[in-house]
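J.: Please find the sequence and the predicted model below.
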Amino acid sequence: MTSDADPRVARLRAAVSRVRRELAALRTELADRGIAEDELATLAAMTAAGLPLEPHRLRRSLLLVAGAIGSVSALAAALTGLRDAIDAFSHSDTPEPTSGPVPDADPVPDADPIPDPDPDSESD
């Protein structure tokens, strides 16, 4: 499926555009505004490029934007929309790339029970 046919891409593009607009309209001084604007520009370019979007890269962008914006209540709804749009990529049928071996179905191996102390040994 190309990104043009993927409704998640359109939703992400709209969410990025909304955050960019609302951030531009915000007259409050933000120390890290430039970081948020740069990362939003990167997200916009990624959605426009038509390349497959990787969930881990999208989440990284979300963390950068959220960290740069902080807890500005005027941007909360737009940031929530961005998060929801990015979360849609995490719940896809396409598995994310993993580093290292795939864990077993039972990640905790059967452990031997702890042996009882030797009743013949003396302890002081």
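T.: In hand now; what should we look at?

J.: so where is this protein shaky, pLDDT-wise?
T.: 1-4, 92-124 (pLDDT under 70).

J.: now do 50
T.: 1-2, 94-108 (pLDDT under 50).

J.: Show me the helices in it, by range?
T.: Taking DSSP state H as the test, the helices found in the chain are 7-25, 33-49, 55-69, 76-90.

J.: outside of the first one, which residues touch it?
T.: In this case it means helix 7-25. 3, 33, 36-37, 40-41, 43-44, 47-48, 53, 58, 65, 69, 74-75, 78-79, 81-82, 84-86, 88-89, 92 (CB atoms under 8 Å, 6 or more residues apart in numbering). For every residue, glycine as well, the C-beta is placed using N, CA and C.

J.: Surely Gly67 touches Leu30?
T.: No - the pair Gly67 and Leu30 fails to qualify as a contact (CB atoms under 8 Å) at a distance of 11.2 Å.

J.: Determine which member of those two has the greater number of neighbouring residues.
T.: Higher neighbour count among Gly67 and Leu30: Leu30, with 16 against 12, using other CB atoms under 10 Å.

J.: Would you agree that one is in contact with Ala74?
T.: No - counting by CB under 8 Å, Leu30 sits too far from Ala74 to count as a contact (10.8 Å).
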